[in-house]
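Visitor: Predicted coordinates and the sequence they were generated for:
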Amino acid sequence: MIQKTISKVYSKALFELAQKENHLEETHIAFKNCCSLFNESPKLIQVLSSFLFPAEKRGSIAQEVLSSLNSPALIKNFIALLILKNRIHLYRNIQNEFQKLVDLSKNTVRGKVITTEPLTDSQRNDLSRAFSKKFNKQVILEPLLNKEILGGLVVEVQGLTFDGSLRTAMHNLNEALRAQ
């Protein structure tokens, strides 16, 4: 709970600074790239969060890495602050909270579409359009595969689940037959 609160504070600060400097999109992309690198390099995060090295040394390592990504100064300073305050391990939570703020500013929501087989781009776009009309916001759907639903699809957006799976249909039919 405390980590979530701390992550919200840091993400809001980054968001407000990026917006104030009129570099929200650039900051969003740079932070996403930075976090992707951290996800792909767990040893880097281990070094950046290790107390075996002084904060200044960890900060200089981060600066070198971020320079190779051509990260803007705002991201370099933000990561340096996270290292200095021993909060770099919260980067995933901060990224998630930052993404929520960016989405909110763009009237966008994110959801999941669960199917047994991969959707085509056209199918995913059609679903996104349909749910965008329903929610009156742009809906971005992350595709997930799950053979357990047997067929059809399940869409989860803003805490709501739209279940059109074969598994649920069969369960409902079974319940209806038992009630007879």
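Guide: Alright, I've got the coordinates. A quick note: this is a predicted structure, and the numbers were derived from the prediction, not measured.
Visitor: How much space separates the residue lying farthest from the centre of the chain from Gly151?
Guide: Each residue of the chain has a distance to the centre, and by C-alpha atoms, centre = their mean the biggest one is for Gln180: 45.8 Å. Distance from Gln180 to Gly151, counting by C-beta to C-beta, to the nearest Å: 25 Å. C-beta: built from backbone N, CA, C; applies to glycine.
Visitor: Now do the longest helix belonging to the chain: which elements does it pack against?
Guide: For the chain, the helix with the greatest residue count under DSSP state H is helix 2-20. Contact here means 3 or more C-beta pairs under 8 Å, 6 or more residues apart in numbering; DSSP states H and E; on that basis helix 2-20 packs against helix 24-40, helix 73-84, helix 91-105.
Visitor: what angle separates it from helix 91-105?
Guide: 50 degrees (axes from the mean of the first three to the mean of the last three C-alpha atoms, to 10 degrees).
Visitor: what's Ser71 in contact with, if anything?
Guide: Ala30, Asn33, Cys34, Ile79 (C-beta atoms under 8 Å, 6 or more residues apart in numbering).
Visitor: What backbone torsions are found at it?
Guide: When quoted as degrees, to the nearest 10, the phi and psi of Ser71 stand at phi -70, psi 140.
Visitor: Could you dump the contacts of Ser71 into JSON lines and include neighbour count and pLDDT?
Guide: As requested, the contacts of Ser71 are exported to JSON lines (neighbours: other C-beta atoms under 10 Å; pLDDT from 0 to 100):
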{"residue": "Ala30", "neighbour count": "21", "pLDDT": "95"}
{"residue": "Asn33", "neighbour count": "15", "pLDDT": "95"}
{"residue": "Cys34", "neighbour count": "21", "pLDDT": "94"}
{"residue": "Ile79", "neighbour count": "24", "pLDDT": "95"}
